[in-house]
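Visitor: Next comes the sequence, and after it the predicted model I'd like to discuss.
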Amino acid sequence: MMASGMPVFLLLLWTTNTPQGAGVQVLPPVNFTLTVSALAQVLLHWEPNPAQEQNNSTIRYDVKILSPEPEEYDTSRTHSVRTVALHNGFSARVRTLLLQGHLQMSSDWVEANLPPLPGAAETSVTNLSCVTHVTIPGNVSLRCTWLPGRGAPEDTKYFLFYRYEMHTEECPAYTKDRWSRNTECRFSSTQIEPGEIDNLIVIHINGSSKRAAIKPFQQLFNQNAIEKVNIPRNISISLEQSDLLAVWEKPISPFHEECFEYQFCLINLKSGNKQTLRISSRSFRLRVDVSSRYSIRIRAKHTPVCRAPGLWSDWSQILYVGQNKPESSTAWILTLLCVSTSCTLLLVAIICQINHVWSKLFPPIPMPSNKFREPFPIDYERARTCPSSTETEVVSLAEGFSCSVLDDSVF
């Protein structure tokens, strides 16, 4: 029985290990091309190999982006669109995938490249930064700043374009540096849709110069990441017994109230203590010292519940509440000046006393010695020269002292 069953077992084992696709050749796609279809957008296109036998198999295509950022995916189509920065070039591969049941076979890769955008090294802009604002419901502004490349000549002129979906527009208003090179762009109104999630904004900056070829630069921004929330509105601050109460309205935005969080900055102007709190509601109550005066500022930001957090808004204007008034900076400056002057004069006096500067600058006046204490003051200068006849009456007060005796007694 065992002998007769052995050949059957070997036959079944050989059949199971035989590849289902044995003898099937998988051929790579043909006519693989890369085409720039918009700013920072490339169209990948290929065609099935006409010699490929399908044999009840499913054909798909494996796509691998090599640069500028690695990415791999598969598709059943013969084209693909990718939005990427193209200033340093673009490179991709594609191959055929043949699926038979659970078996997958692949062809060799075919590759295509886009060269880098032309231009001299280090002439592209650097430090590109962009921010969007919802100015009024339905309108989004855009502001971008950058620095000229280190190799950009002084006569370089930069020009900025933004692309949102299929809309492309050049900057209408620039700010220049001291060499009249554009370094900032403002769009008061754009085609950017407020409230969209994860949409990309493409920024393209090229340039011109008589001295060098300026290399273009491209950068992609996530719409959520660069939206700067507007400042909270209608802020009201009051004191109710021992509590500070703050109430405000959400920023101008298409998002609902629950999509915002707030940062509350409170400074006690009497003690100098500072508190910074994060809250999710549009009101705030805090126990405070009612004998102090306080300054308050508030700013807003999106919450992750509705979209990517993005950027904090600017701080609101400073509001004050309480009885104590903040001391003016002028009073502080005058007080500091008086104290500094007094300390300086005291220090000078101490140094002078130590070094006997006063005795050197102002020596005592020498006085003539007098051996006799006279009952009446005498004009010694006249006595030495002997008085004239008109002075006889005064001299007689000396009670008989002669001119010679006066001379001897004084000197």
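Guide: Looks like it arrived, so ask away.
Visitor: In the host helix or strand of residue 33, which of the residues would be classed as buried?
Guide: Counting by DSSP states H and E, the element that carries residue 33 is strand 30-38. In terms of neighbour count (16 or more other CB atoms under 10 Å), strand 30-38 has its buried residues at 32, 34, 38. For the C-beta atoms, the positions are set from N, CA and C on the backbone; glycine is no exception.
Visitor: tell me which strands and helices it is in contact with?
Guide: Judged by 3 or more CB pairs under 8 Å, 6 or more residues apart in numbering; DSSP states H and E, strand 30-38 is in contact with strand 41-47, strand 90-100, strand 110-114.
Visitor: The last one packs against which elements?
Guide: If I follow you right, that is strand 110-114. Here strand 110-114 touches strand 30-38, strand 41-47, strand 90-100, going by 3+ CB pairs under 8 Å, 6+ apart.
Visitor: Export those strands as CSV, with columns for mean pLDDT and distance to residue 174.
Guide: What follows is these, written out as CSV (pLDDT from 0 to 100; distance: least, CB to CB, whole Å):
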stretch, mean pLDDT, distance to residue 174
strand 30-38, 96, 23
strand 41-47, 97, 25
strand 90-100, 94, 29
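Visitor: Which of those strands sits closest to residue 188?
Guide: Among the helices and strands packed on strand 110-114, strand 30-38 comes nearest to residue 188, with 23.8 Å by CB to CB.
Visitor: rewinding a little: go through the helices and strands packed on strand 30-38 and pick out the most buried.
Guide: Most buried of the helices and strands packed on strand 30-38, by mean neighbour count (mean count of other CB atoms under 10 Å): strand 90-100, with a mean of 20.
Visitor: Could you pick out the longest helix of this protein?
Guide: Using DSSP state H, we find that the single longest helix of the chain is helix 329-354.
Visitor: what ranges do the strands span in the stretch 251-400 of the chain?
Guide: Assigned by DSSP state E, counting those that start in this stretch, the strands in the stretch 251-400 of the chain fall at 260-268, 274-279, 283-287, 293-302, 319-322.
Visitor: Residue ranges in the stretch 1-150 of the chain under the pLDDT threshold?
Guide: 1-23 (pLDDT under 70).
Visitor: circling back to that earlier point, compare the strands of the stretch 251-400 of the chain and give me the one nearest residue 248.
Guide: Nearest of the strands of the stretch 251-400 of the chain (CB to CB): strand 293-302, 6.1 Å.
Visitor: Excluding residues flanking it in the chain, which one is nearest the most centrally placed residue in the chain?
Guide: Taking CA atoms, centre = their mean, the centroid of the chain lies closest to residue 129, which sits 9.3 Å from it. Of all residues not flanking residue 129 in the chain, residue 145 sits nearest, at 5.4 Å (CB to CB, 6 or more residues apart in numbering).
Visitor: Beta-bridge partners for that neighbour, please?
Guide: Following DSSP bridges, residue 145 is listed with bridge partners residue 129, residue 184.
Visitor: Correct me if wrong: it contacts residue 183.
Guide: Yes - assessed by CB atoms under 8 Å, residue 145 is found in contact with residue 183 at 6.5 Å.
Visitor: Just want to know which of the two has more residues nearby.
Guide: Remark: of residue 145 and residue 183, residue 183 carries more neighbours, 18 against 15, as counted by other CB atoms under 10 Å.
Visitor: For residue 126, see how far away the more buried one is.
Guide: Applying CB to CB, to the nearest Å, the value for residue 183 to residue 126 is 11 Å.
Visitor: Residue 69 contacts residue 84, correct?
Guide: Yes - counting by CB under 8 Å, residue 69 touches residue 84, with 6.6 Å between them.
Visitor: Neighbour count for those two, which is higher?
Guide: Higher neighbour count among residue 69 and residue 84: residue 84, with 18 against 10, using other CB under 10 Å.
Visitor: got the contact list for that one?
Guide: Residue 84 sits next to 40, 41, 42, 65, 68, 69, 90, 220 when contact means CB atoms under 8 Å, 6 or more residues apart in numbering.
Visitor: buried sites along whatever helix or strand the fourth one lives in?
Guide: If I follow you right, that is residue 65. Residue 65 is part of strand 58-67 when elements are defined by DSSP H and E. Within strand 58-67, the residues that count as buried by 16+ other CB under 10 Å are 59, 60, 61, 62, 63, 64, 65.
Visitor: Go through those and name the one nearest residue 122.
Guide: Taking CB to CB as the measure, residue 122 lies nearest residue 65 of the buried residues of strand 58-67, at 26.4 Å.
Visitor: roughly how far apart are the closest residue to the closest one other than its chain neighbours and residue 224?
Guide: Once flanking residues are discounted, residue 65 sits nearest to residue 71: 4.0 Å by CB to CB, 6+ apart. From residue 71 across to residue 224, the span is 21 Å (CB to CB).
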